[in-house]
Each structure stands twice: as C-alpha cells, then as structure tokens.
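Trainee: have a look at this fold, sequence not included:
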C-alpha cells in the first residue's frame with residue numbers, strides 16, 4: 001500500500017488514468033436492465049482510489065471541465081439559439097421548482113433533526129452539488145451578530161463536513177436518476193428519443209447511430225440508349241447540361257465505340273449516354289428515356305469530386321440557384337451540378353428558384369477541371385473537415401474563462417459566473433457563429449467528441465479522487481444520518497421537479513425533461529452521463545437554460561439558510 005501511495009504522490013496522473021480505465025470498465029457491468037455507465041463508474045473508482053491520498057491541482061479539474069463544456073456548447077450552439085422561444089419560460093420555471101424544492105428539503109431536514117446553520121448549509125452544498133454555497137454560507141456565518149468566534153468557526157467547519165459527506169451521492173444520485181430511474185419508470189429509450197429529437201431539429205435528417213448508414217444513396221448513375229423520338233437526338237451536351245440543376249449527361253459510346261466528344265457534339269439515335277446526379281433530378285431527366293435504360297457498360301467509371309464552396313461572391317448573392325447553375329455551365333461540356341445546399345449548418349431543399357444568401361454552403365459535384373473553372377465565381381472552399389481551427393478554439397476558451405471571472409451581487413450576495421458556465425456560453429456562441437459563417441471555427445465532429453468525452457471523464461475522475469478520503473473520514477466521525485439526509489436532499493427535489501415539469505409545465509420530450517433535471521441542480525456529472533446516453537447534443541438546450549438559473553439561485557441559498565435557521569453549533 002505504501003508503494004502505491006508513494007507512486008501516486010510522485011505521479012498523481014497515474015491514479016487519474018487508472019481511475020478512468022477501471023471506471024469505464026466497471027461502468028460496462030450490467031445487472032438486469034441496469035447499467036452503471038462510464039461516468040458513474042469513474043466517480044466510484046475515484047472515491048476508492050482516492051483513499052490512497054491522491055492530490056491533483058484543482059486547476060486541472062477546472063480546465064478539463066471547461067474543455068468538456070466548451071465542446072458541448074459548440075456542438076449545440078446552432079440548435080440552442082434556434083430553440084429560444086416562449087417555450088423557454090417553462091424550462092426556466094422547471095429550474096425554479098428544482099432549486100426551491102431543494103431549499104425546502106434542506107430547511108425541513110434542519111428543523112426535524114436539529115441541524116445547526118453550518119451543517120444545514122453543508123447539506124445544501126453537497127446534496128445539491130453547488131460548492132459555491134460553501135463560500136456564501138461561510139461568509140454569512142462570519143457576519144452573524146451575537147455569536148462567539150468559536151461557534152462561528154465550528155459552524156464554518158460543519159459546512160465543509162456536511163458538504164464532504166453528502167457530495168458523493170449528490171453527484172451519483174442524479175446520474176442514476178436521469179440515466180436509469182426516470183427512463184425505466186417512464187419506459188423511455190433515451191438513445192431513440194435523442195435520435196428522434198435530433199431528426200426533428202434537423203428538418204427530418206436522422207442522426208445515425210454508429211455503424212448505421214443510409215442504403216439509399218443521394219447520387220445515382222443510369223445508362224440509356226438515345227431513341228429517335230426521345231427528345232434528346234440532335235441536342236448537344238452543352239445544351240442538355242446547362243439547365244440541369246442537380247444532374248449531368250455525358251456521351252460515352254457511339255456504334256459500340258468510346259467517342260471523344262466536345263461540348264458541340266450532338267447526340268444521335270443509338271448513342272449510349274450516362275446520367276449522373278441526385279436521385280430526384282435523374283428521375284426527372286429520364287422522362288422519355290425510361291423504356292431505353294440499359295445496364296452500365298462493364299468497367300465504366302465516373303470519377304467526380306464533391307467540393308463545398310462558401311457563397312461569398314457579391315455578384316452571386318440574391319440570384320437563384322438555377323441562374324448560377326446555368327452561368328456556371330457555360331463553356332462546359334459536361335458541367336457541374338449541385339448535390340447539397342447548407343444554410344446555418346443544416347441541409348435545405350434545393351429548388352431552381354432558391355435564392356442564395358451570403359455564407360450559404362453550396363456543394364458542387366463534377367470533374368475537378370470543371371469545378372476549378374467556376375470556383376472563383378462562387379466563393380472560397382470550405383476548410384478541411386479534418387482540421388481543427390486552433391486559433392478560434394484557443395480564443396474561445398480564453399473568452400469563456402474571462403466570462404467566468406465576472407462577478408456581481410444580488411441582495412448583497414456575490415455571485416460568480418464560473419469557468420464552466422463561461423466556457424459553455426463561449427462554446428454556444430462560437431458554435432452558432434460557425435453555422436452562420438463557415439469560414440471560421442472548424443471543429444471536426446471526431447475532435448469535438450474526443451474533447452467532450454475525455455474532458456468529462458477526467459473531470460469526474462478528479463472529483464472522485466478529491467472527495468473520497470474526506471467523505472470516508474467524516475462518515476466515520478458523524479455516522480450515517482447526515483449521509484441519508486443528503487440522499488433525501490438529492491433525490492426528493494428531482495422527483496418533484498421531474499413530475500411537475502412533465503405533467504404541469506408540459507415538458508414532454510424525454511431528453512428535454514431529463515436535461516432540465518440535470519441543469520436545474522447544476523449536476524455536471526449527471527449531464528455528462530446523459531450526454532453519454534443520448535450520443536448527441538440534444539440535451540444542451542434544456543440543460544443550459546436551467547443551469548443558468550440554478551447556478552444563481554443555489555448560490556443564494558447559502559446565506560438564506562444561515563438566516564432562516566437559528567440553531568448555532570455548540571448550543
């Protein structure tokens with residue numbers, strides 16, 4: 001044991017990575033329908049390994065959480081600002097119900113079990129997982145009149161004791177409630193509900209699970225033989241391709257031989273042509289050809305390129321897609337066609353009269369030579385999908401951390417936004433700006449997912465390592481009664497808030513309802529666990545709104561508890 005303790009003293013990050021590895025291993029254990037999950041498993045393993053006395057600088061925990069919450073904000077930024085409407089009021093009320101019911105539970109426990117001001121405040125800080133209460137309650141105790149300095153010191157110590165005893169279940173309880181208890185009770189499949197919500201928010205585009213793919217491809221290729229009465233004979237390739245928005249036609253064989261053609265080559269009866277493009281466009285083009293479809297010639301290849309261009313050419317803005325397509329195909333034999341159109345981060349339906357707006361993303365498909373020819377007339381290429389814009393990532397983190405330093409007073413009580421909330425705000429804004437201006441802030445999905453998942457795992461692991469030793473010692477000293485009171489303060493407000501939100505406030509979407517539970521009590525580990533279950537960013541909106549309210553109200557509860565409760569320690 002001493003060897004392990006010495007090792008962890010010299011290299012505390014060894015303990016952290018052991019915690020992560022074992023935590024996610026334990027999290028995979030299944031008992032019936034219950035799966036603990038990697039986040040809860042990491043928290044528990046952190047508490048156990050923390051008995052060796054692992055010391056990691058608190059700043060490390062803060063930066064991991066900041067990275068996690070920034071990535072979460074970035075991924076949900078575009079959808080968050082779209083979702084802001086009158087429905088937000090109900091979500092705000094959900095947070096108020098959660099925080100007020102938490103306060104009432106603490107006051108009831110203090111009255112029933114004769115808790116002093118400090119212990120009650122610590123119960124609130126740990127049971128509701130709001131460490132800011134330690135500071136606000138401690139400051140309120142220090143300013144009490146008619147109380148001895150010894151009693152003040154004892155009550156301030158009791159704040160820390162109450163926090164240490166109740167914090168572990170305060171973190172673990174919400175994880176179990178939002179990932180297992182509520183979904184089981186309501187018979188919800190969280191992943192399926194998250195996919196459905198993502199599809200709704202993305203105009204019907206389904207969020208595919210790992211390993212899934214759409215077997216119906218967007219692009220298709222068909223081969224036809226030109227007939228005498230089909231309407232194509234006598235027309236040149238340039239004429240045919242100029243007006244086709246999302247498909248192109250090319251001549252490949254005449255009299256059984258591959259033919260070298262140019263844009264002036266006219267089609268003849270018996271020629272073999274290939275139509276390539278989006279499924280619906282090809283279907284329209286094949287009118288009059290359907291009876292003449294043939295198998296694609298053996299070994300034939302159509303080599304094309306997809307290239308996304310940002311519409312930032314002033315001459316382009318305000319024109320219809322059809323006008324741009326026809327102008328682009330002038331002087332082109334085979335032409336290019338449009339296979340995707342993205343506005344504010346979402347693909348939208350392409351129609352000939354669709355008006356181009358600044359910073360829309362147009363995906364062109366065709367030969368590299370043809371796309372190169374028209375690229376300068378449309379706009380810049382999108383940045384590589386595999387490269388992270390570290391300039392914006394770094395500045396976004398800086399802005400988030402600076403926002404976190406902002407402090408203000410409510411009724412004389414200092415409230416600090418905190419680095420977590422600051423980076424969440426920064427991430428939301430950067431993610432939204434990215435959807436509006438594709439030139440900047442590239443953050444590939446894989447990179448964002450890694451930052452998010454590793455950040456939350458490391459954060460939760462350090463929380464467990466920090467809380468473990470103190471919690472065990474205080475339980476030995478004060479018995480289990482305070483622990484059970486903390487469990488009540490953790491669970492009861494969640495039950496009240498969840499059912500009130502679902503049945504009264506009509507927050508019926510499962511993902512949003514669970515997001516309200518995690519945000520309404522500033523339960524960061526529970527939010528991380530919920531994100532793990534959903535597999536996408538759908539809980540971000542309800543969590544962010546409720547988190548902002550809870551962060552302020554829970555901080556205010558410290559001095560309110562000290563003011564309402566009259567029992568002092570040592571009396």
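Mentor: Yep, it's here. Predicted model only: the values in this text are computed from it and were never measured.
Trainee: only C-alpha atoms from now on, for both contacts and neighbour counts.
Mentor: Noted.
Trainee: would you say residue 342 is within a strand?
Mentor: Yes - assessed by DSSP: H, G, I helix; E, B strand; the rest coil, residue 342 belongs to a strand.
Trainee: for this protein, which segments count as strands?
Mentor: Assigned by DSSP state E, the chain shows strands spanning 30-31, 34-35, 219-225, 247-254, 257-258, 272-278, 293-294, 305-310, 337-343, 346-347, 361-366, 407-410, 413-416.
Trainee: return the helix or strand in the protein with minimum mean pLDDT.
Mentor: strand 34-35 (a mean of 61; mean pLDDT, DSSP states H and E).
Trainee: count of neighbours near residue 279?
Mentor: Residue 279 has 17 neighbouring residues, counting by other C-alpha atoms under 10 Å.
Trainee: please apply the same query to the one 3 residues further on.
Mentor: Residue 282 has 21 neighbours, counted by other C-alpha under 10 Å.
Trainee: that one touches residue 223, doesn't it?
Mentor: No - Residue 282 is beyond contact range of residue 223, at 10.7 Å (criterion: C-alpha atoms under 8 Å).
Trainee: tell me which stretches of the stretch 451-571 of the chain form helices.
Mentor: 481-499, 510-519, 524-534, 540-564 (DSSP state H, counting those that start in this stretch).
Trainee: can you redo the ones you listed as JSON lines with mean pLDDT?
Mentor: Converted to JSON lines, those look like this (pLDDT from 0 to 100):
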{"stretch": "helix 481-499", "mean pLDDT": "94"}
{"stretch": "helix 510-519", "mean pLDDT": "92"}
{"stretch": "helix 524-534", "mean pLDDT": "85"}
{"stretch": "helix 540-564", "mean pLDDT": "83"}
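Trainee: would you mind finding the most buried of those helices?
Mentor: Of all the helices of the stretch 451-571 of the chain, helix 510-519 carries the top mean neighbour count, a mean of 28, counting by mean count of other C-alpha atoms under 10 Å.
Trainee: name the helices or strands packed onto it?
Mentor: Counting contacts by 3 or more C-alpha pairs under 8 Å, 6 or more residues apart in numbering; DSSP states H and E, helix 510-519 is packed against helix 88-113, helix 190-201, helix 481-499, helix 524-534, helix 540-564.
Trainee: quick one: it to helix 88-113, angle?
Mentor: Orientation of helix 510-519 against helix 88-113 (axes from the mean of the first three to the mean of the last three C-alpha atoms, to 10 degrees) gives an angle of 50 degrees.
Trainee: quick one: helix 510-519 to helix 540-564, angle?
Mentor: 30 degrees.
Trainee: give me the contacts around helix 510-519.
Mentor: With contact meaning C-alpha atoms under 8 Å, 6 or more residues apart in numbering, helix 510-519 is reached by 91, 94-95, 98, 174, 178, 188, 190, 193-194, 197, 494, 497-498, 501-502, 507, 524, 526-527, 530, 534, 538-548, 550.
Trainee: same check, this time on stretch 147-156
Mentor: 116, 117, 118, 119, 138, 141, 142, 568, 569, 570.
Trainee: hang on, isn't the fourth one packed against residue 161?
Mentor: Going back to what we said before, that points to residue 119. Yes - Residue 119 lies in contact with residue 161 (C-alpha under 8 Å); the separation is 7.3 Å.
Trainee: residue 157 - nearest residue in space that isn't next to it in sequence?
Mentor: residue 118 (7.3 Å; C-alpha to C-alpha, 6 or more residues apart in numbering).
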